[in-house]
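Asker: Fold the following and give me the result.
(chains A and B)
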Protein chains: 2
Amino acid sequence: MGKLREVTVLLADLPVTLKTLHDCPSFPAPTEDADTFMGNATLKALHYAHLARCWALADDSGLTVDALSGAPGVHSARYAQDSVAPGDAANNAKLILNLSAVPVENRVARFHCAMVLAAPGRVLGSAIGAVEGIIVDDPRGDHGFGYDPHFFLPTYNKTMAQLPPDQKNLISHRGIALRAIRPIIEDLLQQPDEPKSP
Amino acid sequence: MGKLREVTVLLADLPVTLKTLHDCPSFPAPTEDADTFMGNATLKALHYAHLARCWALADDSGLTVDALSGAPGVHSARYAQDSVAPGDAANNAKLILNLSAVPVENRVARFHCAMVLAAPGRVLGSAIGAVEGIIVDDPRGDHGFGYDPHFFLPTYNKTMAQLPPDQKNLISHRGIALRAIRPIIEDLLQQPDEPKSP
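Answerer: So this is what the prediction gives:
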């Protein structure tokens, strides 16, 4: 999975042990019902920090389109959940249908990633990364997932799905948020009164 | 000025020479009339790269409040421009007045910073950093500027204006965007076909 590899690479040399939900298969998932990406990332980080009794890093990501008043927003992953076959293809079809009357110059969109670090009962730090692009009708590229094939980056003359993983990690919303969290973790590790483990 | 010092610190060890608008007093300012922070940062970076005939790094920053449909947004610096004494105090007064009927739990706001690197005629890279907080009626803190005294960060139980500069740089929208741009610059400097200067 790309997300896990990206986190591991960017945090590898810190004096922390990284575990993932694959290491804790019995943990139930929380209900992600917040109004904002940061709200959902916060409730996930607090939920898992409580269960694991150690620091937890959680993210919440999604797409906002200005011409759609910010939709799909926090519902990005389940935008077309009422369709016959929910998933990336249905989400993208709904997005393009809803933008059919919007000219390309008004299709400004942003991918957002809220990243939250929590200890049991307490948020320790957070950051939001975002990248701006344009929604295009015709999908392009085989990398990535979700809305990536329709998210066009004028700077690179490519969609997000046409960027190789290393390039995507360099410029993506999640890469930005991760690079922002790292120095916050380093700062916390230098505070003598901050308990790192149970 | 805090912004210049922050850029200098974070980019200091790169093999580039940093100059600021203080070094180029004859450059006219562009009209910042884009609809988004990224749009304004892009037009500024392209404008100054064209004039200086070298790479230019520009940012555009501001506040959005969900309960105000994203206002003040790109008009953050001139939100109360029709007041008797435009400036930070008038902007903050207008913000608090417009939120007077909104309970504190619905006063979610974000500071955004769009950072763009351009060569003459061409955008080279960009990043958006953001931080989420809550707008409070009573100002607190002497650091920072603009809306900082009313932007409360629950994680730190402080407003942005109560954070010392180093702490603000660590967690702020501008700090996030700057930390995101640095590896993009490093990547560009390693590309043999990328002209660095005129």
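
Asker: When you work out contacts or count neighbours from here on, use the C-alpha atoms and nothing else.
Answerer: Fine.

Asker: Please name every helix or strand in contact with whichever strand or helix holds A:Ile181.
Answerer: Remark: A:Ile181 resides in helix A:173-189, with elements defined by DSSP states H and E. Other elements packing on helix A:173-189 under the criterion 3 or more C-alpha pairs under 8 Å, 6 or more residues apart in numbering or on different chains; DSSP states H and E are helix A:2-11, strand A:108-119, strand A:122-135, helix A:165-171, strand B:122-135, helix B:165-171, helix B:173-189.

Asker: ok, the nearest residue to A:Thr20 once chain neighbours are set aside to A:Lys19 distance?
Answerer: By the measure of C-alpha to C-alpha, 6 or more residues apart in numbering or on different chains, the closest residue to A:Thr20 outside its immediate chain neighbours is A:Leu4, 8.0 Å from it. The spacing between A:Leu4 and A:Lys19, counted by C-alpha to C-alpha, to the nearest Å, is 10 Å.

Asker: circling back to that earlier point, same list (the helices and strands packed on helix A:173-189) but as CSV, adding distance to B:Asp13.
Answerer: As requested, the helices and strands packed on helix A:173-189 are exported to CSV (distance: least, C-alpha to C-alpha, whole Å):
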stretch, distance to B:Asp13
helix A:2-11, 20
strand A:108-119, 28
strand A:122-135, 24
helix A:165-171, 19
strand B:122-135, 19
helix B:165-171, 18
helix B:173-189, 11
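
Asker: Including mean neighbour count and mean pLDDT, could those go into JSON lines?
Answerer: Putting the helices and strands packed on helix A:173-189 into JSON lines (neighbours: other C-alpha atoms under 10 Å in any protein chain shown; pLDDT from 0 to 100) gives the following:
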{"stretch": "helix A:2-11", "mean neighbour count": "13", "mean pLDDT": "79"}
{"stretch": "strand A:108-119", "mean neighbour count": "25", "mean pLDDT": "98"}
{"stretch": "strand A:122-135", "mean neighbour count": "24", "mean pLDDT": "98"}
{"stretch": "helix A:165-171", "mean neighbour count": "17", "mean pLDDT": "92"}
{"stretch": "strand B:122-135", "mean neighbour count": "24", "mean pLDDT": "98"}
{"stretch": "helix B:165-171", "mean neighbour count": "17", "mean pLDDT": "92"}
{"stretch": "helix B:173-189", "mean neighbour count": "21", "mean pLDDT": "95"}
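
Asker: Give me the phi and psi for the residue positioned nearest the centre of chain A.
Answerer: The geometric centre of chain A, computed from its C-alpha atoms, lies nearest to A:Ser61 (C-alpha atoms, centre = their mean), at 2.9 Å. As for A:Ser61, its main-chain torsions (degrees, to the nearest 10) stand at phi -130, psi 160.

Asker: does the closest residue to A:His143 other than its chain neighbours count as helix, strand or coil?
Answerer: With C-alpha to C-alpha, 6+ apart as the criterion, A:His143 has its nearest non-adjacent residue at 4.5 Å, and that residue is A:Ala161. Look at A:Ala161: counting by DSSP: H, G, I helix; E, B strand; the rest coil, its state is helix.
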